[in-house]
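*Asks:* What follows is a predicted protein model with its sequence.
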Amino acid sequence: MPIKGNRLPPYWFRRGHRWVGVSLLVFVLFLAITGITLNHSADLGLDRRHVSWSWLLDAYGMEAPQPSASFEDGGFRATLMGERLFLDGKDTGQSMSSLVGLIVLEPLLLAAGENTAHVFMTSGEVVESIDLGAELPGPIKRVGAVGGRAVILSSNELFRSDEDIAVFEAWRDNVASEIPWSVASPPDADSLAELEAAWRGRGVTVERFLLDLHSGRILDVPGTLLMDIVAACMILLGISGLILSNSRNRGENGSSKGRQTSQH
């Protein structure tokens, strides 16, 4: 006679448990492999290796902005992308809200914004950044060069630098119309491609890529939601497994007792 309480869960429950387990197998393997790899990230040097696939950088929102201003002088080019200043396709590490001109006074270069002037060596090294906001009557409008010195125009007034481009003083010995000003010009296609590559940098580290894959953040909100669903299914799979295991154990114990009773 069947013993009450030893019945297995219904067929659909057991079938559902099996299908959920099979469906999660790929995710379990994926999480296990990426988890083990991340645990040894430092040993594998994943934080020093980079992935620079264009589609991946676009997915990370690392799409380079169009240049907002670009100036060329003496074979050198300064370009502003976002708020990052580039000199000959290389990131200078300096930020500006605007770029109004570039002049070359060997061995120095001057890239000027509305209130700031950045001075570089022609080799690209930063010499100094000069904050002129408090010294000028208004924002810098134009930048030029006369007699080996830098000249800036602010509120229709001229200011000329010393030979080291370290100090600017009011200059009333000339008129703005006679000064060769720096004029904006767009970079060519090759220069633009070089700028975009420099703006993106070396790309995304392999460690960060794997971490975002592991967590699902690589797909933003949908990816995170998917991994949450996977985690919830794994919890349900564990609970249903316990239920099935307990039912089988009770069934086996009940059958064993039934056989023992019939023998007696």
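*Replies:* Sure thing, it's come through.

*Asks:* buried set for stretch 162-172?
*Replies:* 165, 168, 171 (16 or more other CB atoms under 10 Å). For the C-beta atoms, the positions are set from N, CA and C on the backbone; glycine is no exception.

*Asks:* Just the helices from the stretch 151-264 of the chain, written as ranges.
*Replies:* 189-200, 206-215, 220-263 (DSSP state H, counting those that start in this stretch).

*Asks:* Counting by contacts, list what the first one packs against.
*Replies:* Identification of packing neighbours for helix 189-200 by 3 or more CB pairs under 8 Å, 6 or more residues apart in numbering; DSSP states H and E yields strand 76-81, strand 84-87, strand 90-95.

*Asks:* Each with direction, which strands does the second one pair with?
*Replies:* Pointing back at strand 84-87 there. strand 76-81 (antiparallel), strand 90-95 (antiparallel) (DSSP bridges).

*Asks:* Tabulate these in TSV, adding columns for distance to Trp55, mean pLDDT and mean neighbour count.
*Replies:* Written out in TSV, the entries for the strands paired with strand 84-87 read as follows (distance: least, CB to CB, whole Å; pLDDT from 0 to 100; neighbours: other CB atoms under 10 Å):
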stretch	distance to Trp55	mean pLDDT	mean neighbour count
strand 76-81	21	95	22
strand 90-95	23	89	14
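
*Asks:* Would you check how far apart the nearest residue to Ala69 once chain neighbours are set aside and Val204 are?
*Replies:* Among residues not flanking Ala69 along the chain, Leu99 sits closest, at 4.0 Å (CB to CB, 6 or more residues apart in numbering). In this view, Leu99 and Val204 are 28 Å apart by CB to CB, to the nearest Å.

*Asks:* more crowded one of the two?
*Replies:* Leu99 (26 against 20; other CB atoms under 10 Å).

*Asks:* Alright, that wraps it up for me.
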